[in-house]
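Undergrad: Build me a model:
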Amino acid sequence: MGRNQGKKKEKIKCATHLPVSALAFRPGSSTVTPPIHTVKVKKLKAINHGFKVTDSSFHSDVNAAAISAFTWKETNLSDSQMDAVWDRVHQSESAGWDQGYIDSFVNRDQLPPDNDPELPKAKGKGDKAMHEWMKHIDAYLSALITLEGRGQPSASPNCVRCRIPDHEGKYRCLGCDNLGLICQDCMLSTHQHMPFHRIESWNGVYFLRSSLKSLGLRIQLGHPAGERCALPSPTWGDDFVVIDSDQIHTVGLDYCGCGATSKGQVEQLLERRLYPATVVNPKTAATFRVLELFELLQYESKLSTYEFYQTVSRLTDNTGLHIPKDRYPTLLRIVHQWRHLKLLKRTGRGHDPVRGALGTHPGECALLCPACPHVGINLPDGWENAPRDSKYLYALNIALDACFRMKRKDCSSEEADPGLSRGFAYVVEETAFQEYLKKHDKETKPKSTCSRHDAVNLADTRPGQGYASSGIATVECSRHNSKRPLAVCDTQRGKCYCNMDYITLLSLQLCLLQMFLISYDIACQWFINLFMRLAQIDPSCPLLQPGIEIRFLVPKFHLPAHIPACRNRFAFMLTPGAGLGDGEAPEHGWGDLNPLATSTCEMGPGTRQDTLDYHFGDYNWRKRIQLGDSLLKKMITATSDVAEHVIAHRELESTIDLNQLQSWTEAMTAWEQDPTQPNPYEISVKTSTQAAVRRQLAEEEERALEAGIDVSLSDEVSPCSLIALGIDLEGEQRSLKTLAKSLWDHSQDRQITRVKLRSNALTRKLTEWFSLLQLYIPTSTLLRKREPQKKESPKPFDVKLWLPSQIGNQVSFDKSLAETEYKLRNAQAHEALGVL
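TA: Numbering: from 1, shown residues only. Reported below is the predicted structural model:
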C-alpha cells in the first residue's frame, strides 16, 4: 500500500493475493481439485471531485495476457468518502498490526476489524472479544471434551511416534504438545531429559494418572546427560519426592556410586537444579523453577506458603483419593533457605572468601535508593561547598511511620526461631534491639502540646493479650518510597519515641550529608528533646554533628489535624527544599504490605523478620525499576505550568508596594535560613471563635449578676444562652436535612429509623425553643401566625426559628439580642473561613 502525493494527482494502489482455502469439487466428479487462488486488484486515483476507483479479480490459472484484457470500472467518490477510504487503507498501520494478522482476515475474504479486539475495551461498549467468543462457546466446549478421550474417532490405536503395529499408543504427556498417544518406549525416550512432566495412561474408558517412574524412568545424578552410572546408588527407600510447579512427583533417582564425581548428594542435586530439603540423606527436593515461581507470586499477591502448597497438591490429585505425601513443613523450610540464599547472592555476598555469609555487616544486604544522595557514589566533587540556594539538592528526605496491622502473636521464641538475616538488610538485629528496649521500658510520653493525636495518646498502649508486637515502625526515603537499611523494628506500645529514635539512628549510620528533611505525623512532638535522646544512645549520630541542618515536617495528609501553629511551621509547601513532596511514602508501603499481615502474625520472631526483609527487598527493587517513569512523571508535573506560575507571581508582585514586598521577602528569607526566627506565614491577626465569644458573654453575665443585675426571664436560659441555643438548633436542622436527602426508595430500615429518631428529637427541641423565644420576643408569636399555612406540616429542618437576624424590622424586640447574635455570627464566619 502506498500514497504518492504530487502537485497534481494523488494515487492509492492496493493489490492483494487472496487464496481461497476451501477445496473445490468439479460437478459430476468425486475428485478434489487444487485450491483456487484469486487475485484482487484495486486502484484509486484522485480526480477533481473525488476518487476514481478501478478494481478487478482473476483466478490463478489466468495468464498475464488475460490480466491486461480486464476492463476496469470507474467510480467517483466524494471528499468524505475519499477520506474514509484513505483512513481504511492506513488503518492497519495506525493499529500497529503486522501483515500476517491482516492476511488472516484477507485470506477469508474478510476486511480487517476497525479496532484491535485485544485492546482494552472502550467505556460503555463492553469487551468486543468477549462478545465474539460467546458465539463460539460450543466449539470450545467440544474441543475440551474431545481432549478428555483419545481424540477423533478415526484416530489410530498405534503409537503416533514410532508407528510400530504392536506398540499401542496409550500414554500422553500433559506438559508436552498434544500430538497424540504414544507407547511406553516412546514416552521414556522422549522424557529422558524431562522427568517432571505429568503423564496419563488410557485404560480403555478414561485416562488414569500415571508417573514416569512407574514406566521405568530413572534420574541419574553425577553424570552427563544420557550417561548411566556403572554403580548407581538409589535414594533411601527409592521414593524420592520432588515438588514442582504443577505436581508433587515421586521419582526414581540415583546418585553416582562409581566414583566419577567427588561431589556429595546435596551438590549432585543442586547441579540438576533441585534444592534438597535436608543436608544428610535428603528424601525431598524442590525444583528451582517452583521456588522462583512462588517467590515472585508471593511478592505480588502475598500468597501464603500453605495456600501455594495446597494448590500444587490439588494439581497432583484433586479427588482426595490419592493424596500425595505431606511435604508442607518441608516446603516452608526450603522456601526460607532459598530466599536467604537469594538475598546473599543478589548483594554479592557469595564473592567474599574472607568473611563468608555469616560475616555480613548489618544492613549490607539492603538495596539502596539510587536517586538519593550517597557520598562517594552519586555526588559531584565539592558538593559540601554548594551555595545555600542549591544545598537542598544534596539533602536526604526521610519519613517515619508505624503500621499497627502488622502485629505478631506471642508464639515461638528467639531461641527456637532466631532467623537467618540477623540485621543483614532492613529489620534491625533483634538481640541488640531487645537490650535497648529494656533500658527504656519505663519511658513515658510527655503531655502533647498539639492536638490529641492517637499516635501520642496510644503510645503506651500494650498490643493486647496474646500478642508480642503491636506492629512495625519504619524509616523510608520520602521522595522515592524506598526502605532504608536497618530501618524497620517492632513496636511494643504504639509509637514509642524510643523505637523511632533507634531506627532513625541506625538508618543514618555512616551518612555524611549535611542537610536532612525528616517527616513524621507527630514530628511536632517527637522532635522535642530528640537530640538529647539521640546523644544518650550514640553521641556520634550524624544528626548531632556540627554544621548539620535539619528541618522537621508533618506529612500533608496528617497536617490538617494539627493546631494552626504546626500547620505553618511543619508544612512541606512552606519549607525550602521540600519541593512537591508530601511525606506520605510509608503509607504507600503499608498498602502493599498489609495483605501479608495474616501470614506474618502467626510466624515466629526470626521467620517473620526474614520474611519482612525479603518483601522489603522486592519492594525496593520494584521501586528501582520504576524509578525512571516515576521521576519523569514528577518532573513533568513540576515543570508543566512553571511559566504560567512565574508570570502570575510577577503580576501579583507588581500590584504590591515595593517596600512592603521587600519587607516580606526579607522576613521569609530570614525564617527559611533560621526556623527560630518569626514565621512570616503565621496569621498575625487573631480572630474570635464561637467558643471564645460564648465564654466572653458568660463572663459578662457573671459580672452583671455580681452587680445585682439579672435580665433573664427564665431560671435556666439567659438571653445569650437563648441565641446560642438557636444557632445550635440551626446547625442541627442543616445536618438533619443533609441526612434526610441521603435516603432513597431502597434505604434500609435502620437508616430510616435513625433519621426518624433525630427528626423526633429535633421536633421536641423546637417546641421548647419557641416557648423560650416567646418569653424574650413575645412578638415572635405574631410572626409565626403570619407564615403561610400549608396542607402538610413542615419538616422540622424547614421550620423557621425567627432569630433576630430573621426578624429584622418586622416587629420590635430587645436589640441586645441582635447584638449577641451578631457577635456569635461573626465568630462563626471566621471559623468557616479558617476551615476553607
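Undergrad: Chain neighbours aside, what residue packs nearest to the one residue sitting closest to the centre of the chain?
TA: Nearest to the mean C-alpha position of the chain, by C-alpha atoms, centre = their mean, lies residue 592 at 5.5 Å. Counting by C-beta to C-beta, 6 or more residues apart in numbering, residue 592 lies nearest to residue 619, which is 6.2 Å off, once chain neighbours are set aside. (Each C-beta comes from the backbone N, C-alpha and C, glycine too.)
Undergrad: what's the answer for residue 249, then?
TA: Closest to residue 249 by C-beta to C-beta, 6+ apart is residue 242, at 4.5 Å.
Undergrad: Likewise for residue 580?
TA: Going by C-beta to C-beta, 6+ apart, residue 580 has residue 638 as its nearest residue, at 5.9 Å.
Undergrad: Does the one you found touch residue 579 like I think?
TA: Yes - because the distance of 7.3 Å satisfies C-beta atoms under 8 Å, residue 638 is recorded as touching residue 579.
Undergrad: Counting neighbours, go ahead and name the busier of these two.
TA: residue 579 (15 against 11; other C-beta atoms under 10 Å).
Undergrad: was I right about residue 302 contacting residue 596?
TA: Yes - using C-beta under 8 Å, residue 302 is in contact with residue 596, at 4.6 Å.
Undergrad: For the closest residue to residue 530 other than its chain neighbours, give me its contacts.
TA: Excluding the flanking residues, the one nearest residue 530 by C-beta to C-beta, 6+ apart is residue 501, at 7.1 Å. Contacts for residue 501 (C-beta atoms under 8 Å, 6 or more residues apart in numbering) come out as 530, 533, 534, 537.
Undergrad: gap between the second one and residue 541?
TA: Going back to what we said before, that points to residue 533. 10 Å (C-beta to C-beta, to the nearest Å).
Undergrad: Stretch 412-425: end-to-end distance?
TA: 22 Å (C-alpha to C-alpha, to the nearest Å).
Undergrad: ok, now stretch 217-228?
TA: 12 Å.
Undergrad: What of stretch 525-540?
TA: Using C-alpha to C-alpha, the end-to-end distance of stretch 525-540 comes to 23 Å.
Undergrad: what's in contact with it?
TA: So stretch 525-540 is contacted by 400, 436, 445-446, 448-450, 453, 456, 497-498, 500-502, 504-505, 518, 520, 541, 543-544, 552 (C-beta under 8 Å, 6+ apart).
Undergrad: In three-state terms, label residue 833 for me.
TA: Assigned by DSSP: H, G, I helix; E, B strand; the rest coil, the conformation of residue 833 is helix.
Undergrad: and it, how far is that from residue 350?
TA: From residue 833 to residue 350 the distance is 64 Å (C-beta to C-beta).
Undergrad: And those two? Which one has more around it.
TA: Neighbours per residue (other C-beta under 10 Å) separate residue 833 from residue 350, with residue 350 holding more: 12 against 9.
Undergrad: Which parts of the stretch 351-500 of the chain are strands?
TA: 396-403, 408-409, 467-469, 471-477, 482-491 (DSSP state E, counting those that start in this stretch).
Undergrad: For residue 513, find the nearest of those.
TA: When the strands of the stretch 351-500 of the chain are compared by C-beta to C-beta, strand 396-403 sits nearest residue 513, at 5.1 Å.
Undergrad: now the closest one and strand 482-491, what's the angle there?
TA: Counting by axes from the mean of the first three to the mean of the last three C-alpha atoms, to 10 degrees, strand 396-403 lies at 40 degrees to strand 482-491.
Undergrad: how distant is strand 396-403 from the center of its chain?
TA: Centre-to-centre, strand 396-403 and its host chain are 18 Å apart (C-alpha atoms, centre = their mean, to the nearest Å).
Undergrad: Could you measure from the spatially closest residue to residue 245 that is not a sequence neighbour over to residue 275?
TA: Closest residue to residue 245 apart from its sequence neighbours, by C-beta to C-beta, 6+ apart: residue 290 at 4.4 Å. Between residue 290 and residue 275 the distance is 9 Å, computed by C-beta to C-beta.
Undergrad: swap in residue 366?
TA: On the measure of C-beta to C-beta, residue 366 and residue 275 end up 25 Å apart.
Undergrad: more neighbours, those two?
TA: Neighbour totals were compared for residue 366 and residue 275, and residue 366 leads with 25 against 22 (other C-beta under 10 Å).
Undergrad: show me what contacts the more buried one?
TA: Residue 366 is in contact with 425, 426, 483, 484, 485, 486, 617, 620, counting by C-beta under 8 Å, 6+ apart.
Undergrad: And those, which is closest to residue 755?
TA: The nearest one, if we look at these relative to residue 755 and count by C-beta to C-beta, is residue 483, at 47.9 Å.
Undergrad: Let me know how buried that closest one is, in neighbour terms.
TA: 30.
Undergrad: Repeat that for residue 278.
TA: By other C-beta under 10 Å, neighbour count at residue 278 equals 14.
Undergrad: Does the residue nearest to residue 592 touch residue 596 like I think?
TA: No - in this structure, residue 619 is not within contact of residue 596 by C-beta under 8 Å, at 10.8 Å.
Undergrad: coming back round to it: helix or strand: which one has the residue nearest to residue 530?
TA: According to DSSP states H and E, residue 501 maps onto helix 497-507.
Undergrad: partner strands of the helix or strand following that helix, parallel or antiparallel?
TA: Sequence-wise, the next helix or strand downstream of helix 497-507 (DSSP H and E) is strand 515-520. Here strand 515-520 has these sheet partners by DSSP bridges: strand 396-403 (parallel), strand 549-553 (parallel).
Undergrad: still on that earlier bit, of the contacts of stretch 525-540, select the buried ones using a ChimeraX command.
TA: This is how ChimeraX selects the buried members of the contacts of stretch 525-540, with burial counted by 16 or more other C-beta atoms under 10 Å:
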select :400,436,445,448,450,453,456,497,498,500,501,502,504,505,518,520,541,543,552
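Undergrad: Quick one: closest of the strands of the stretch 351-500 of the chain to residue 230.
TA: Across those, closest to residue 230 is strand 482-491 (C-beta to C-beta), at 52.6 Å.
Undergrad: can I get the CA coordinates of that closest one in CSV?
TA: Listed next in CSV are the C-alpha coordinates belonging to strand 482-491 (Å, rounded to 0.1, in the frame of the first residue of the first chain):
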residue,chain,number,x,y,z
SER,A,482,12.4,3.1,49.3
LYS,A,483,13.1,1.4,52.7
ARG,A,484,16.4,2.3,54.2
PRO,A,485,18.9,-0.2,55.7
LEU,A,486,18.2,-1.1,59.4
ALA,A,487,15.1,1.0,59.4
VAL,A,488,12.4,-1.5,60.5
CYS,A,489,11.6,-2.6,64.0
ASP,A,490,8.8,-4.0,66.1
THR,A,491,6.6,-1.7,68.2
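Undergrad: Specify the angle between that strand and strand 471-477 in degrees.
TA: Using the same axes, to 10 degrees: strand 482-491 against strand 471-477 is 160 degrees.
Undergrad: quick one: strand 482-491 to chain centroid distance?
TA: The mean C-alpha position of strand 482-491 is separated from the chain mean by 20 Å, C-alpha atoms, centre = their mean.
Undergrad: which other helices and strands contact that strand?
TA: Packing partners of strand 482-491 (3 or more C-beta pairs under 8 Å, 6 or more residues apart in numbering; DSSP states H and E): strand 467-469, strand 471-477, helix 497-507, helix 605-625.
Undergrad: Let me have these in CSV, extended by mean pLDDT and distance to residue 658.
TA: Output for the helices and strands packed on strand 482-491, formatted as CSV (pLDDT from 0 to 100; distance: least, C-beta to C-beta, whole Å):
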stretch, mean pLDDT, distance to residue 658
strand 467-469, 90, 60
strand 471-477, 94, 42
helix 497-507, 93, 45
helix 605-625, 95, 47
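Undergrad: Now distance to residue 358 too, for these, in CSV please.
TA: Putting the helices and strands packed on strand 482-491 into CSV (distance: least, C-beta to C-beta, whole Å) gives the following:
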stretch, distance to residue 358
strand 467-469, 26
strand 471-477, 25
helix 497-507, 20
helix 605-625, 15
